[in-house]
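Enquirer: this one's sequence-less:
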């Protein structure tokens, strides 16, 4: 059965033992809600170039919400834009430094199609600080978002795609891990149930 929603996070990178986006999805990685599929994405640019379009093609989700961690933020950053640029000073988990374009000949940027303002409102209703952001960086998070938007548009049924950067130190939000996980689970259920109701 095709999922209504795909939720993804990233594996640890840069020698770290954990990735906060992975911790927030935690229980859903083991037991996702009905209508939801979950995956952990690699911090590997060559692998992402292969895996992202494959997920669009094989899972055929109606929506895709990507999560990644951000080292300096204190709030959930709901991204509005992905740019066609790769650049970084930290090698990926296979030792590659990102550079160049996400997609040769692709548009300079894509706007997120899963309403980021709606995501901000959701987190704020759970007492979690959140804001809109126009800067998904130029590393793996931006790359995965750009690829998802690019291949989602090329798919027969366009995929709504959004991205949330979570604080690397989640305690900076003023909330505990369980509150953040509950918020993610509630968001997953709402996004998946909408398609069930429409059907």
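Expert: Received the coordinates, thanks. This is a predicted model, so every value here is computed, not measured. Residues are numbered from 1 along each chain as shown.

Enquirer: tell me how far the ends of stretch 113-130 are from each other?
Expert: Stretch 113-130 stretches 18 Å from its first residue to its last (C-alpha to C-alpha, to the nearest Å).

Enquirer: and if you look at stretch 102-120?
Expert: End-to-end for stretch 102-120, by C-alpha to C-alpha: 27 Å.

Enquirer: buried stuff in it?
Expert: 102, 109-110, 112-114, 116, 119-120 (16 or more other C-beta atoms under 10 Å). Where C-beta positions appear, they are placed from N, C-alpha and C, glycine not excepted.

Enquirer: helices and strands around the longest helix along the chain, which ones?
Expert: Across the chain, the longest stretch assigned as helix under DSSP state H is helix 177-198. In terms of contacts (3 or more C-beta pairs under 8 Å, 6 or more residues apart in numbering; DSSP states H and E), helix 177-198 is packed against strand 5-10, helix 20-30, strand 36-41, strand 63-70, helix 116-125.

Enquirer: any idea of the mean pLDDT for the last one?
Expert: Computed over helix 116-125, the mean pLDDT rounds to 98.

Enquirer: report the angle between the axes of that helix and strand 63-70?
Expert: Interaxial angle, helix 116-125 versus strand 63-70 (axes from the mean of the first three to the mean of the last three C-alpha atoms, to 10 degrees): 60 degrees.

Enquirer: Helix, strand or coil: sort out residue 93 for me.
Expert: At residue 93 the chain is in coil, as set by DSSP: H, G, I helix; E, B strand; the rest coil.

Enquirer: remind me which residues of this structure are low pLDDT?
Expert: Applying pLDDT under 70 to the chain flags the ranges 1, 156, 195-199.

Enquirer: how about a markdown table for the helices and strands packed on helix 177-198, with distance to residue 56 added?
Expert: Output for those, formatted as a markdown table (distance: least, C-beta to C-beta, whole Å):
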| stretch | distance to residue 56 |
| --- | --- |
| strand 5-10 | 9 |
| helix 20-30 | 19 |
| strand 36-41 | 12 |
| strand 63-70 | 8 |
| helix 116-125 | 20 |
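
Enquirer: quick one: which of the ones you listed is nearest residue 174?
Expert: helix 116-125 (11.9 Å; C-beta to C-beta).

Enquirer: Could you list every helix and strand in contact with that closest one?
Expert: Looks like helix 116-125 contacts strand 76-79, strand 130-133, strand 160-167, helix 177-198 (3+ C-beta pairs under 8 Å, 6+ apart).
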